[in-house]
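Asks: Have a look at this fold, sequence not included:
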Ligand SMILES: Cc1cc2nc3c(=O)[nH]c(=O)nc-3n(C[C@H](O)[C@H](O)[C@H](O)COP(=O)(O)OP(=O)(O)OC[C@H]3O[C@@H](n4cnc5c(N)ncnc54)[C@H](O)[C@@H]3O)c2cc1C
């Protein structure tokens, strides 16, 4: 088989923290249309270099073989944009060590279609939105908010995000700015290992689930979110998704699946 042609270029790389970055990609044929919340598939050949921050790997049997993975898009679905990914380094992983070796101007492969069901398509416009993420699970919400958040909207919108350290919470300044400008929007970050940070973390401490159980959202909204008026989105680690799904089901929420409309929408990263 002939080697796969790399069909896109890295236009920018923003290092958020060690092992955490935002990557901008411009496909040669332009950005395909997509719904906020959907994911692209990107790839690099096995022969591409790995960042020195990653674990060493044996030389690949076939250096031309394309390693592909799914990434939620953080960019708005509006004309004139690049594709934006928010990526964490898995040191022992196959693709992310190669992504972290890229620089502006590097070439990459992007799959022709952007797909996925983790979108706002099945949420009625009068329903409140709670977006819960761990780590890079913020990415699809950034696309949804950048494309659809309206300051004058009546419905309430909240982002609940958990990370180990405060520096691992991406898009903080943008989310804080949204909160200042849109009275219907709440940003609730939580950190699980805040000890020893150079600027002491003054925010919530623990796992993102406890923002739900501890009433932080209720306090921010002035009302308890319930299945009658709220859709909840869960994105990121399987452990958080499992815990949150159980909690929500206990309160009468139902999982949204193909052929079964519900008010809990789920995107598991692994
Ligand atoms: C629909 C979808 C959207 C995704 N969007 C994103 C995204 O926006 N950003 C992102 O960083 N990843 C995202 N992922 C995960 C991504 O596809 C890869 O699995 C991840 O980047 C690891 O790839 P790898 O080849 O380096 O590791 P692999 O060799 O494939 O190793 C996989 C292992 O890495 C760990 N892992 C995978 N993803 C993460 C993660 N995000 N954080 C911590 N540990 C992880 C798990 O233990 C998993 O078993 C998404 C996955 C899916 C299915």
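Replies: That came in fine, so what should we check first? Every value quoted in this text rests on a predicted model; they were computed, and no experiment measured them. Residues are numbered from 1 along each chain as shown.
Asks: Can you report phi and psi for the residue nearest to residue 99 when sequence neighbours are not counted?
Replies: Counting by CB to CB, 6 or more residues apart in numbering, residue 99 lies nearest to residue 87, which is 5.8 Å off, once chain neighbours are set aside. In short, each C-beta sits where N, CA and C put it, glycine included. Main-chain torsions, residue 87, degrees, to the nearest 10: phi -120, psi 140.
Asks: Pull up the gap between residue 87 and the ligand, please.
Replies: As judged by CB to the nearest ligand atom, to the nearest Å, residue 87 and the ligand stand 4 Å apart.
Asks: Sketch out the low-pLDDT regions of this structure for me.
Replies: The chain contains residues with pLDDT under 70 at 1-2.
Asks: Which residue does it have closest to the ligand?
Replies: Nearest residue of the chain to the ligand, counting by CB to the nearest ligand atom: residue 93, 2.2 Å away.
Asks: Quick check: that residue touching residue 51?
Replies: No: the pair residue 93 / residue 51 is not scored as a contact, 10.8 Å apart, by CB atoms under 8 Å.
Asks: neighbour count winner among those two?
Replies: residue 93 (18 against 15; other CB atoms under 10 Å).
Asks: Next, the closest residue to that one other than its chain neighbours: phi, psi?
Replies: Spatially, and ignoring its direct neighbours in sequence, residue 93 is nearest to residue 54 (7.5 Å; CB to CB, 6+ apart). The phi and psi torsions at residue 54 (degrees, to the nearest 10) take the values phi -100, psi 170.
Asks: What is the neighbour count of residue 54?
Replies: Neighbours of residue 54 under the rule other CB under 10 Å: 19.
Asks: so it sits right up against residue 95, yeah?
Replies: No: Residue 54 is beyond contact range of residue 95, at 10.6 Å (criterion: CB under 8 Å).
Asks: shared neighbours, the two?
Replies: Residues touching both residue 54 and residue 95 (CB atoms under 8 Å, 6 or more residues apart in numbering): there are none.
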